[in-house]
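Undergrad: sequence first, then the predicted structure:
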Amino acid sequence: MTFRLFASIYSRMTNEDHIIIQRIRSGELREFGLLVNSHGPALMAFVGRIVEQQEDAEDVVQNTFVAAYEHLKDYDPLRASLSTWLQRIAYHEALYHLRKRKRQVLLPLDMGDDVPDELPETTTAEQLDEAIQELPPEDQMLLQLYYFDGRPLKEIAYITNASGDSLNREVSRLSSQLHRIRQRLRIILTRMNDE
């Protein structure tokens, strides 16, 4: 697929979302179902990698759409795409769910080349998965977004930033947090290897 064709398709999708949002804002509330249908599967995949149980993931996605509907007037297409805005809401809904249920994020065992350099060379995928499970949910979700989803820090900053800090400040904070997480993983893995 050429870049022009991709850009054309992306532009149409963005324009369609924009038209639907304008209709919803003008009172055509049934149009919201179109947004649910077009963005629901991607949100389900996103949340499903974070929340353990299928029905819990469905609840988080449903809560995401309820929150999106209630705050649609606040959506600014100049700050983020609609899908990123929805993922931001889903991220916070999933985090709330994890804190409430005190569940752990499930991360894939097959990490390939994504194992940070600072970890012991003898680390197996199973050991890494076990070590990740010892981290707080916020750290697990950050690892999910950065290493497994391959998201750029700027996009993660938009998704995770609840305090309203500037995007550059949030990117810097996330970079430092990722470094601290890798240090914690190294300590946990060293402890596991010594046992």
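TA: Sure thing, it's come through.
Undergrad: select the longest helix from this structure.
TA: The longest helix of the chain (DSSP state H) is helix 167-194.
Undergrad: would you mark the buried spots in that one?
TA: 170, 171, 173, 174, 178, 181, 182, 184, 185, 186, 188, 189 (16 or more other C-beta atoms under 10 Å). For the C-beta atoms, the positions are set from N, CA and C on the backbone; glycine is no exception.
Undergrad: report all helices and strands that it contacts.
TA: helix 125-132, helix 137-143, helix 153-160 (3 or more C-beta pairs under 8 Å, 6 or more residues apart in numbering; DSSP states H and E).
Undergrad: which one of those lies closest to residue 18?
TA: When the helices and strands packed on helix 167-194 are compared by C-beta to C-beta, helix 153-160 sits nearest residue 18, at 18.4 Å.
Undergrad: using PDB, list the CA coordinates for that closest one.
TA: The C-alpha trace of helix 153-160 is given here as PDB (Å, rounded to 0.1, in the frame of the first residue of the first chain):
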ATOM      1  CA  LEU A 153       6.600   8.100  24.500                       C
ATOM      2  CA  LYS A 154       4.700  11.100  23.200                       C
ATOM      3  CA  GLU A 155       1.600   9.100  22.600                       C
ATOM      4  CA  ILE A 156       1.900   7.200  25.900                       C
ATOM      5  CA  ALA A 157       2.300  10.600  27.600                       C
ATOM      6  CA  TYR A 158      -1.000  11.700  26.100                       C
ATOM      7  CA  ILE A 159      -2.700   8.400  27.100                       C
ATOM      8  CA  THR A 160      -1.400   8.300  30.700                       C
END
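Undergrad: orientation of that helix relative to helix 167-194 in degrees?
TA: On the basis of axes from the mean of the first three to the mean of the last three C-alpha atoms, to 10 degrees, helix 153-160 is oriented at 90 degrees to helix 167-194.
Undergrad: for helix 153-160, buried residues please.
TA: Neighbour counts using 16+ other C-beta under 10 Å place 153, 155, 156, 157, 158, 159, 160 of helix 153-160 among the buried residues.
Undergrad: residue 129: which of those is nearest?
TA: residue 156 (21.1 Å).
Undergrad: skip the chain neighbours and tell me the closest residue to that closest one.
TA: Closest residue to residue 156 apart from its sequence neighbours, by C-beta to C-beta, 6 or more residues apart in numbering: residue 145 at 4.9 Å.
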